[in-house]
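J.: I need the structure of the sequence given here:
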Amino acid sequence: MDFRQLRTFACVAELGSLSKASDTLRVAQPALSRQIKLLEHELRTELFTRNGRGMVLTDAGRLLLARTGGIVRQIDQIRDDIQSAGGAPSGRVVLGLVPTVSCVISARLARRTVERYPGIALCIVESYSGHLIEWLHRGEMDLAVIYGPSVDLHLAVQSLGRDSIVAVGPRGSGLKQKKQVEIGWLMRQRLVLPSHSHGLRALIEHAAARKKIDLDVKLEADSFRVLTSLVEEGLGYTLLPPSSVRGEVAEGRLETAPIARPAPRRELTLASPVEHPGSNAITLIAKLLRDEVAACRAEGLWDIQLA
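T.: Reported below is the predicted structural model:
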């Protein structure tokens, strides 16, 4: 196996298409196809299933991607650092954000990146903490903002701060007239929450356990947009950072109320893989992210206690 073959394989696996990989790598499609066939010949197994919808990884292909994807990214980052030494920073950075952070900071961070570092290609991936942690471990992601606590994750971590959580209900629920709500009352309502694998759910269940309350979760949604739409439809209450629903509250689609002390707060952590050092581009994006978090707090857009 050589690096060119592995890089071609990783690109085709990511895009699911030889033609798209050809456009991305700027290499003729027949040449890419030949590299894939040489790799399959050397490994004595098929790595892709070809069908009308594109290229789909076989079990062997998924194993190869899991074992080599991080290596390919590290070599690309080394090349980018060497090429940009003494000049403008360049390279690709994959940043994962939990949805309640993404809706606050994604556009701001993207704009700042384009303005300050035009040579850096920033890819923002939005998902819940469980998925982001998995992608960090597999070397498919460079940085991620996840929910804490960060112990036993086997990742390099840095606390960004602690985010407040409020009760969120539909229009007409009466929450906006309340100065605050008791956590015990809220936990006894019909709730709409993400599934068990995600950090926000774990935070809420821990708060319920302290009160010895069994949660009444009738609906689960592993999409932030779906979750808030279900609450808008009056199908239950949820708990979210106020910054994540600021627009919906302003438009009168949702109502919020502070939770009486001790109110739950979530720790936000900036995490990265420990297996390899970050590139110069990754370091710059991490600093830019921390700066934007602080700027959002200073502008009153984010109620976060900075670390």
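
J.: please settle this for me: is Asn179 part of a strand?
T.: One correction, residue 179 is Lys, not Asn. No. Assessed by DSSP: H, G, I helix; E, B strand; the rest coil, Lys179 does not belong to a strand; its assignment is coil.

J.: point out where this structure drops to low pLDDT.
T.: Residues of the chain that meet the criterion pLDDT under 70 lie in 84-86, 149-151, 276-277.

J.: please enumerate the strands of it.
T.: Under the criterion DSSP state E, strands of the chain are mapped to 48-51, 54-57, 91-97, 120-126, 143-147, 156-164, 166-170, 190-193, 216-220, 238-240, 254-258, 265-272, 304-306.

J.: redo those strands as a markdown table? Include mean neighbour count.
T.: (C-beta placed from N, C-alpha, C; glycine too.) A markdown table is the format used below for the strands of the chain (neighbours: other CB atoms under 10 Å):
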| stretch | mean neighbour count |
| --- | --- |
| strand 48-51 | 12 |
| strand 54-57 | 16 |
| strand 91-97 | 23 |
| strand 120-126 | 17 |
| strand 143-147 | 24 |
| strand 156-164 | 18 |
| strand 166-170 | 23 |
| strand 190-193 | 20 |
| strand 216-220 | 15 |
| strand 238-240 | 25 |
| strand 254-258 | 21 |
| strand 265-272 | 21 |
| strand 304-306 | 16 |
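
J.: closest to Leu284 out of those strands?
T.: Across those, the minimum distance to Leu284, taken as CB to CB, is reached by strand 120-126, at 7.0 Å.

J.: between the closest one and strand 91-97, how big is the angle?
T.: Counting by axes from the mean of the first three to the mean of the last three CA atoms, to 10 degrees, strand 120-126 points 20 degrees away from the direction of strand 91-97.

J.: angle of strand 120-126 against strand 143-147?
T.: 30 degrees.

J.: returning to what we had before: turn the strands of the chain into CSV, columns for distance to Lys176.
T.: Shown next, in CSV, are these (distance: least, CB to CB, whole Å):
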stretch, distance to Lys176
strand 48-51, 52
strand 54-57, 49
strand 91-97, 28
strand 120-126, 28
strand 143-147, 27
strand 156-164, 17
strand 166-170, 9
strand 190-193, 18
strand 216-220, 23
strand 238-240, 15
strand 254-258, 4
strand 265-272, 22
strand 304-306, 22
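
J.: compare the ones you listed and give me the one nearest Val293.
T.: Proximity to Val293 (CB to CB) singles out strand 156-164 among these, at 5.6 Å.

J.: how much does the closest one deviate in direction from strand 265-272?
T.: Using the same axes, to 10 degrees, the direction of strand 156-164 lies 150 degrees away from that of strand 265-272.

J.: if you tally nearby residues, what's the number for Leu39?
T.: In terms of burial, Leu39 registers 20 neighbours under the definition other CB atoms under 10 Å.

J.: so what's it up against?
T.: Listed by CB atoms under 8 Å, 6 or more residues apart in numbering, the contact set of Leu39 reads 1, 5-6, 8-9, 47.

J.: now the buried members of the residues you listed.
T.: Burial by neighbour count, judged by 16 or more other CB atoms under 10 Å, picks out 5-6, 8-9, 47 from the contacts of Leu39.

J.: mind putting the residues you listed into JSON lines with distance to Ala257?
T.: Formatted as JSON lines, those follow (distance: CB to CB, whole Å):
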{"residue": "Gln5", "distance to Ala257": "57"}
{"residue": "Leu6", "distance to Ala257": "53"}
{"residue": "Thr8", "distance to Ala257": "54"}
{"residue": "Phe9", "distance to Ala257": "52"}
{"residue": "Leu47", "distance to Ala257": "54"}
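
J.: looking at the residues you listed, which are in helices?
T.: Restricting the buried ones among the contacts of Leu39 to those inside helices, with DSSP state H as the criterion, leaves 5-6, 8-9.

J.: so which of those residues comes closest to Ala28?
T.: Checking those one by one against Ala28 (CB to CB), the nearest turns out to be Thr8, at 11.6 Å.

J.: and the closest residue to that closest one other than its chain neighbours, how far from Asp59?
T.: Excluding the flanking residues, the one nearest Thr8 by CB to CB, 6 or more residues apart in numbering is Gln35, at 4.5 Å. Note on Gln35: its distance to Asp59, by CB to CB, to the nearest Å, is 21 Å.

J.: surely Leu136 meets Leu270?
T.: No. Contact criterion CB atoms under 8 Å: Leu136 and Leu270 do not qualify, at 11.0 Å.

J.: list residues touching both of these two?
T.: Taking CB under 8 Å, 6+ apart as the contact rule, the neighbours common to Leu136 and Leu270 are Ala144.

J.: Asp76 contacts Arg92, correct?
T.: Yes. The pair Asp76 / Arg92 is scored as a contact, 7.1 Å apart, by CB under 8 Å.
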